[in-house]
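> structure for this input, please:
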Amino acid sequence: MINEEIRDKEIRLIDSDGSMIGVISSKEAQKMANSKNLDLVKIAPQGNPPVCKIMDYGKYMFELAKKEKEARKNQKIINMKEVRISPGIEEHDLEFKVKNAYKFLKDGDKVKVSVKFRGREMNYTSLGQVVLEKFAEEVKEVGIVERRPKLEGRSMIMILNPKQ
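Numbering: from 1, shown residues only. The predicted model follows:
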């Protein structure tokens, strides 16, 4: 709330330089803010009495938006990449998939490795387990296993995190 939106009878006022003025009526505080060509802003409405500050509201909102933008710029977005393999994968094909996962992990992305079982392959889920363990062994230089291989429906899934 700013300026005339503040309906409290008494407020605790902080001046524009940060010094505490004390508990005064909101009308008097509004007059002080108007005399300085600044806004009266309620910064702590839950206080008893509520705390208000004399400041340039437009400048305050601009600074807040600038800080928020800076925080968004500095955060790292982690994407999840998926590598699909089959339980009877050949050696060269596995090497190719490992090379892709290696590249994803180096870029800082998580990798979800999934083995799809079709038809009678469901009877041999241990083969999928072996392939995933071999995959994890191949990429252990750049990635660590976040979630061990686990059977979910007709697929076995393992998640790898990049090493820090």
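> please, where are all the strands along this protein?
Using DSSP state E, the strands of the chain run over residues 10-14, 20-25, 39-44, 51-55, 80-85, 110-116, 143-152, 155-162.
> tell me how many other residues crowd the residue nearest to Ala33 when sequence neighbours are not counted.
Computed as C-beta to C-beta, 6 or more residues apart in numbering, the closest residue to Ala33 that is not its neighbour in sequence is Leu40, at 4.2 Å. Every residue, glycine included, has its C-beta placed from N, CA and C. The number of residues packed near Leu40 is 24, by other C-beta atoms under 10 Å.
> hmm, who's touching the lengthiest helix in the chain?
In the chain, with assignment by DSSP state H, the single longest helix is helix 57-74. Applying C-beta atoms under 8 Å, 6 or more residues apart in numbering, the external contacts of helix 57-74 come out as 2, 39, 41.
> what's the angle from that helix to strand 51-55?
Relative orientation of helix 57-74 versus strand 51-55 (axes from the mean of the first three to the mean of the last three C-alpha atoms, to 10 degrees): 100 degrees.
> mean confidence for helix 57-74?
Averaged across helix 57-74, pLDDT comes to 89.
> could you break the protein into its assigned domains?
Following automatic domain parsing, one gets these domains for the chain: 3-73, 80-162.
> need the least confident one among these, by mean pLDDT.
For the domains of the chain, the weakest mean pLDDT is recorded on domain 3-73, namely a mean of 86.
> start and end of it, how far apart?
In domain 3-73, first residue to last residue: 33 Å (C-alpha to C-alpha, to the nearest Å).
> next one: it to chain centre, how far?
The chain centroid and the centroid of domain 3-73 are separated by 30 Å under C-alpha atoms, centre = their mean, to the nearest Å.
> now swap in stretch 119-139 and tell me
The answer for stretch 119-139 is 33 Å, by C-alpha atoms, centre = their mean.
> repeat that for stretch 137-145.
25 Å.
> for Gly58, give its distance to Ser126.
66 Å (C-beta to C-beta, to the nearest Å).
> again but with Asn74, I slipped
Noted for Asn74: a distance of 45 Å to Ser126, by C-beta to C-beta.
> do the same with Phe62
Taken as C-beta to C-beta, the span from Phe62 to Ser126 is 61 Å.
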